[in-house]
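Enquirer: pasting the structure only:
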Ligand code: DON
């Protein structure tokens, strides 16, 4: 069954009472300013039809959702082995910014979606692109069919001011020989990717290539191959929600990626891409009401990859 806007509005009404039970991220001070009551959802079908409800057109900080986009760009620039010898494909079972495994596992991050892994991916982009920030923005604007998308400079600067942990992660990897460039310029780019401002509608459109075998909306050419698309969805399903990945698979049953801005994208391969936004997070750093909305939607439309 195709969801309708009425169904999406009903789902938002059902999850709204959860607002107040989570916590808006405050370790990046600029994020703490966002109103906790925001709630939006958008669905993009593979035929391009968009349905939406709530604050679906309001932009927010996509944060770690950008990790799926930077990996996509890296996949277009590198041979698989060049990526996967530097970052693993296994769930970490630890917080997104944990350093515990990194020390024990010779500076090779468990997967590309924890901070350590995304920093390696940013390092890969830095090595092969003359202007990685520009290239990423251009790519995301094209995928979203929105030429107005920008980085939120205030959020990026705020994160740079509180970057000790990410800098430590990058320097630790550098000490193991798993970081090619100077840490600070790579961190600056990574924070910009995280600070991309997008709405649920932008995100649902952007990620439609993952629901459509690698073919972006309205495009004639794949951005990644069908095989790479399968690989990306597998990584999202197992690692996209950090130490909450099992719970998300159990409740929602779709490949997904969250961000501490409160956004989550989810994919129904062959059919649709979905984006939700509610800024309050659960203890794993995933949107609390957003996860509940996706769970209800999956149930009501009878979709799951399992
Ligand atoms: O590096 C960080 O900590 C943030 N820019 C991104 C973390 C994040 O979104 C984790 N997601 N749930």
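Expert: Yep, it's here. Owing to the predicted nature of the structure, the values given are computational and were not obtained by experimental measurement.
Enquirer: rest of the way, CA atoms for contacts and neighbours
Expert: OK.
Enquirer: now for the residue nearest the centre of the chain: which residues touch it?
Expert: The residue at the geometric middle of the chain, judged as the C-alpha nearest the mean C-alpha position with C-alpha atoms, centre = their mean, is residue 65 (1.4 Å). Shown here is residue 65, whose contacts under the criterion C-alpha atoms under 8 Å, 6 or more residues apart in numbering are 194, 257-259, 263-265.
Enquirer: what's the spacing between it and residue 109?
Expert: Per C-alpha to C-alpha, to the nearest Å, residue 65 is found 18 Å from residue 109.
Enquirer: count of neighbours near residue 137?
Expert: When neighbours are counted by other C-alpha atoms under 10 Å, residue 137 registers 19.
Enquirer: that one: which element?
Expert: Following DSSP states H and E, the helix or strand that holds residue 137 is helix 132-144.
Enquirer: next secondary structure after that helix?
Expert: strand 150-151.
Enquirer: so which residue of the stretch 1-150 of the chain comes closest to the ligand?
Expert: Of the stretch 1-150 of the chain, the residue with the smallest distance to the ligand, taken as C-alpha to the nearest ligand atom, is residue 64 at 3.6 Å.
Enquirer: what does the stretch 151-300 of the chain have sitting close to the ligand?
Expert: By the rule C-alpha under 6 Å from any ligand atom, the part of the stretch 151-300 of the chain lying against the ligand is 191, 194, 258-260, 285-286.
Enquirer: out of the contacts of residue 65, who's nearest the ligand?
Expert: Nearest to the ligand among the contacts of residue 65: residue 259, at 3.5 Å, using C-alpha to the nearest ligand atom.
Enquirer: go ahead and confirm that closest one touches residue 285.
Expert: Yes. With contact defined as C-alpha atoms under 8 Å, residue 259 reaches residue 285; the gap is 7.4 Å.
Enquirer: need the three-state assignment for the residue nearest to the centre of the chain.
Expert: helix (DSSP: H, G, I helix; E, B strand; the rest coil).
Enquirer: out of the contacts of residue 65, who's the most crowded?
Expert: residue 263 (33 neighbours).
Enquirer: return the residues in contact with residue 217.
Expert: 46, 48, 143, 205-206, 208-209.
Enquirer: now do the helices in the stretch 151-300 of the chain.
Expert: Counting by DSSP state H, counting those that start in this stretch, the segments of the stretch 151-300 of the chain that form helices are 153-161, 164-175, 183-194, 200-206, 208-211, 226-239, 245-251, 288-301.
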